[in-house]
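Visitor: This is the structure alone, sequence omitted:
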């Protein structure tokens, strides 16, 4: 358990140049607090203590401004930068090393009970501020989604998706690091 907590703290240092000390990260990063509360809520949720999972999730939202349903599946080294207004739905699946900025929604487009209604994010996905990723779609490993984009269709591995509705493009050079491409694509931050 402590190794996982250290890994979570290290993931903040890996993605946020403003992070100065472990104490600061431990006490002042609501994305980290929301993640830890969700893990506990998820533990109860999968053991059929649904009300307790929802209650913990409710308090997590109250304390952090981040709403993660206890039924969502969250991978390792997940980082929410700033966090306010992030919403992650019940059937969302988030891979390892994923980064979300504030105001991101991983939402549903269906009211059907008992079905997968929310997106699946692959490993290493980054989603810009205010983006909406909606429905039972897949965002491939290493994909980047621009700020305020609305994604309602699958995004292939390594693609950069921007716009309303989002269109995607592949990196301009073979082997281009999608993280570096993120900084060359101004629409990702608008």
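Guide: Thanks, I have the structure now. Bear in mind that the values here come from a model prediction, so they are computed numbers and not experimental data.

Visitor: drop to CA atoms for contacts and neighbour counts, all remaining ones
Guide: Fine.

Visitor: Please go through the chain and pick out the longest helix.
Guide: Ranked by number of residues, the top helix in the chain under DSSP state H is helix 30-46.

Visitor: Quick one: list the elements packing against the helix or strand following that helix.
Guide: Proceeding N to C from helix 30-46, the next assigned helix or strand is helix 50-64, under DSSP states H and E. Judged by 3 or more Cα pairs under 8 Å, 6 or more residues apart in numbering; DSSP states H and E, the packing partners of helix 50-64 are helix 30-46, strand 67-68.

Visitor: For residue 34, give me its contacts.
Guide: By Cα atoms under 8 Å, 6 or more residues apart in numbering, residue 34 lies in contact with 60-61, 64, 66-68.

Visitor: and the gap between residue 104 and residue 54?
Guide: As judged by Cα to Cα, to the nearest Å, residue 104 and residue 54 stand 20 Å apart.

Visitor: quick one, which of the two is more surrounded?
Guide: In terms of neighbours (other Cα atoms under 10 Å), residue 104 is the more surrounded of residue 104 and residue 54; the figures are 25 against 20.

Visitor: Hmm, residue 85 and the more buried one touching each other?
Guide: Yes: with contacts counted by Cα atoms under 8 Å, residue 104 reaches residue 85, the gap being 6.9 Å.

Visitor: Now render the helices and strands packed on helix 50-64 as a markdown table, adding mean pLDDT and distance to residue 118.
Guide: Shown next, in a markdown table, are the helices and strands packed on helix 50-64 (pLDDT from 0 to 100; distance: least, Cα to Cα, whole Å):
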| stretch | mean pLDDT | distance to residue 118 |
| --- | --- | --- |
| helix 30-46 | 96 | 16 |
| strand 67-68 | 97 | 12 |
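
Visitor: Go through the ones you listed and name the closest to residue 76.
Guide: Residue 76 lies closest to helix 30-46 among the helices and strands packed on helix 50-64, at 10.1 Å (Cα to Cα).

Visitor: got the angle between the closest one and helix 50-64?
Guide: Here helix 30-46 runs at an angle of 170 degrees relative to helix 50-64 (axes from the mean of the first three to the mean of the last three Cα atoms, to 10 degrees).

Visitor: For residue 20, which residues are in contact?
Guide: residue 13.

Visitor: shift numbering so it begins at 32
Guide: That works, and once the first residue is 32, the last one we named lands at residue 51.

Visitor: and it, helix, strand or coil?
Guide: coil (DSSP: H, G, I helix; E, B strand; the rest coil).

Visitor: Quick check: the gap between it and residue 40.
Guide: Between residue 51 and residue 40 the distance is 11 Å, computed by Cα to Cα.

Visitor: With residue 189 instead?
Guide: 26 Å.

Visitor: what's near enough to touch the most centrally placed residue in the chain?
Guide: Nearest to the geometric centre of the chain sits residue 131, at 4.4 Å (Cα atoms, centre = their mean). By Cα under 8 Å, 6+ apart, residue 131 lies in contact with 110-112, 114, 157-160.
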